[in-house]
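[1] model the following, please.
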Amino acid sequence: MASAASAPPTPANLKRIVAASLIGTTIEWYDFFLYGSAAALVFNKLFFPDSDPLVGTLLSFLTYAVGFAARPLGALVFGHYGDRIGRKKLLVLSLLLMGGATFAIGLLPTHATVGAAAPVLLTTLRLVQGFALGGEWGGAVLLVSEHGDARRRGFWASWPQTGAPAGQLLATGVLSLLTALLSDAAFGSWGWRIPFLLSGVLVIVGLWIRLSVDESPVFRQALAQAEARRADGGATEKLPLVSVLRHHWRDVLVAMGARMAENISYYVITAFVLVYATTAAGVSKQTALNAVLIASAVHFAVIPAWGALSDRVGRRPVYLLGAVGVGLWMFPFFSLIDTGGFGNLIIAVTVGLVLHGAMYAPQAAFFSEMFATRMRYSGASIGAQFASVAAGAPAPLIATALLSDYDSSTPIALYVIAAAVLTVVAVGLAKETRRRDLAEVDSSATDESARTPAADARTV
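    Purely as a prediction, here's the structure:
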């Protein structure tokens with residue numbers, strides 16, 4: 001029996017919660033992906049002009065990877081306070097940090113103006129972006145997961161996940177429009193700044209919506225129970241991180257393994273493809289951007305469908321389908337791009353992102369259902385963001401280095417396939433969590449932790 005706190009909210013209230021999470025994640029991912037696209041297209045010339053073109057691209061992707069290095073710190077800090085004082089306050093802070101850093105990038109002087117200080121400033125702002133994004137994801141998906149009912153949690157929690165393709169769509173669309181309207185010289189001189197400065201307007205809209213939602217009822221109930229236990233002389237509540245590592249370390253490892261194929265494949269398909277298509281396949285950057293733009297629109301549309309399917313058949317089957325599919329698609333992916341045809345490029349990226357969506361859609365509900373309420377923000381964020389350091393952070397860098405060393409896509413395809421194998425093993429070892437009541441806790445425990453999903457998860 002679900003508790004009162006986990007009872008379904010009104011449809012209007014739930015839609016407002018979903019909208020608040022979605023627009024916030026869209027803005028944050030717009031900021032993050034905008035940097036990745038700019039790193040592939042112009043940052044090598046603006047901030048590393050003395051390098052060989054491919055080396056300059058490697059250096060710009062290195063600053064891109066630095067943002068991932070800050071994600072675990074963001075996960076730890078935001079997770080700690082999100083489990084202590086609530087989801088909503090931390091989501092507002094993450095939006096302000098990300099938007100402010102992105103707006104500041106649009107004002108940065110380049111290497112031609114201030115020399116070596118330019119890449120240093122760029123890297124610093126990238127660190128702020130990564131720190132903010134490390135805290136954003138967990139809070140956004142939990143806010144929806146903890147408001148929605150267990151029966152359709154996969155569907156509703158997948159909507160914040162659509163913020164990634166929506167942000168990619170927005171970032172790529174703005175860049176594509178500017179590169180179509182401006183000459184290469186104008187875009188490289190000042191046009192690249194426009195998308196970054198637009199972030200300031202988007203943040204104002206996002207804050208207006210995000211401030212209007214209520215705190216998670218599941219969190220409020222768990223907080224009240226913890227305070228009642230303390231008042232009755234119960235055990236002192238442990239730090240969320242300590243509780244996660246004590247009670248849910250296996251779940252953290254599962255989450256990290258599940259992220260490998262999802263994270264690596266995404267950045268190869270959307271960021272590295274801009275490098276590969278323009279250098280190895282001879283495709284114009286405008287054509288490559290348009291292909292990613294079209295594929296991102298399809299990606300946005302299929303994620304809720306995959307989330308709904310996970311409510312019917314389970315998180316694991318859908319996730320495994322995506323991991324196996326991405327691994328099998330890698331060789332056809334590069335073969336299609338090698339033809340140089342726009343239609344084939346669209347097919348390559350679109351199919352890749354549809355398969356990626358099968359992993360990404362159920363991920364929000366899957367990770368949320370692994371952890372008890374008073375350690376859920378920390379557990380989900382740590383599992384997701386620590387994996388990103390080993391997965392998404394170096395993915396474009398490794399792929400570019402492999403292309404430079406071997407002048408072939410085969411090692412890159414094998415790299416993604418190896419990640420898919422790791423994910424299949426991790427998800428295969430996990431317990432199904434579909435329809436778990438997030439409000440369930442072990443009332444006999446001496447702290448706020450619940451039992452692990454292995455003992456607690458209920459499948460239907």
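[2] which residues does residue 319 contact?
    For residue 319, the contact set (Cβ atoms under 8 Å, 6 or more residues apart in numbering) comprises 258, 310, 358-359, 362-363, 366, 423, 427. Using the backbone N, CA and C atoms, a C-beta is placed for each residue, glycine as well.
[3] out of those residues, who has the most neighbours?
    Within the contacts of residue 319, neighbour counts (other Cβ atoms under 10 Å) peak at residue 362, which reaches 36 neighbours.
[4] now that residue: closest residue in space that isn't a chain neighbour?
    Closest residue in space to residue 362, ignoring its immediate chain neighbours: residue 310 at 3.7 Å, by Cβ to Cβ, 6 or more residues apart in numbering.
[5] figure out the helix or strand that that neighbour lives in.
    Element membership for residue 310, per DSSP states H and E: helix 285-313.
[6] just checking, residue 154 touches residue 304?
    No: using Cβ atoms under 8 Å, residue 154 is not in contact with residue 304; the gap is 9.3 Å.
[7] hang on, isn't the residue nearest to residue 362 packed against residue 154?
    Yes: if you go by Cβ under 8 Å, residue 310 and residue 154 touch, sitting 3.9 Å apart.
[8] any common contacting residues for these two?
    Common neighbours of residue 310 and residue 154, using Cβ under 8 Å, 6+ apart, are 361-362, 365, 434.
[9] pLDDT for these - can I get that in a markdown table?
    Below are these laid out as a markdown table (pLDDT from 0 to 100):
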| residue | pLDDT |
| --- | --- |
| 361 | 97 |
| 362 | 96 |
| 365 | 94 |
| 434 | 89 |
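[10] how about these in a markdown table, adding secondary structure and distance to residue 245?
    Compiled in a markdown table, these are given as follows (DSSP: H, G, I helix; E, B strand; the rest coil; distance: Cβ to Cβ, whole Å):
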| residue | secondary structure | distance to residue 245 |
| --- | --- | --- |
| 361 | helix | 28 |
| 362 | helix | 25 |
| 365 | helix | 23 |
| 434 | coil | 26 |
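[11] so which of those is the most crowded?
    Highest neighbour count within those: residue 362, with 36 neighbours (other Cβ under 10 Å).
[12] how close does the closest residue to residue 366 other than its chain neighbours sit to residue 376?
    Among residues not flanking residue 366 along the chain, residue 315 sits closest, at 4.1 Å (Cβ to Cβ, 6+ apart). Distance of residue 315 to residue 376, given as Cβ to Cβ, to the nearest Å: 16 Å.
[13] what of residue 370?
    To residue 376, residue 370 is 8 Å away according to Cβ to Cβ.
[14] averaged pLDDT, stretch 317-335. What do you get?
    The pLDDT scores in stretch 317-335 average 98.
[15] next SSE downstream of the helix or strand harbouring residue 401?
    Residue 401 is part of helix 395-406 when elements are defined by DSSP H and E. Scanning forward in sequence from helix 395-406 by DSSP H and E, the next helix or strand is helix 410-429.
[16] and that following helix, C-alpha only, in CSV?
    Output of helix 410-429 as CSV, limited to C-alpha atoms (Å, rounded to 0.1, in the frame of the first residue of the first chain):
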residue,chain,number,x,y,z
THR,A,410,37.3,1.0,-36.1
PRO,A,411,39.1,1.7,-32.8
ILE,A,412,36.4,4.3,-31.9
ALA,A,413,33.6,1.8,-32.6
LEU,A,414,35.4,-0.9,-30.4
TYR,A,415,35.7,1.7,-27.7
VAL,A,416,31.9,2.3,-27.6
ILE,A,417,31.2,-1.5,-27.8
ALA,A,418,33.5,-2.1,-24.8
ALA,A,419,31.4,0.5,-22.9
ALA,A,420,28.2,-1.3,-23.9
VAL,A,421,29.5,-4.6,-22.6
LEU,A,422,30.2,-3.0,-19.2
THR,A,423,26.7,-1.5,-19.1
VAL,A,424,25.1,-4.9,-20.0
VAL,A,425,27.0,-6.6,-17.1
ALA,A,426,26.0,-3.8,-14.6
VAL,A,427,22.3,-3.7,-15.5
GLY,A,428,22.2,-7.5,-15.8
LEU,A,429,23.4,-7.7,-12.2
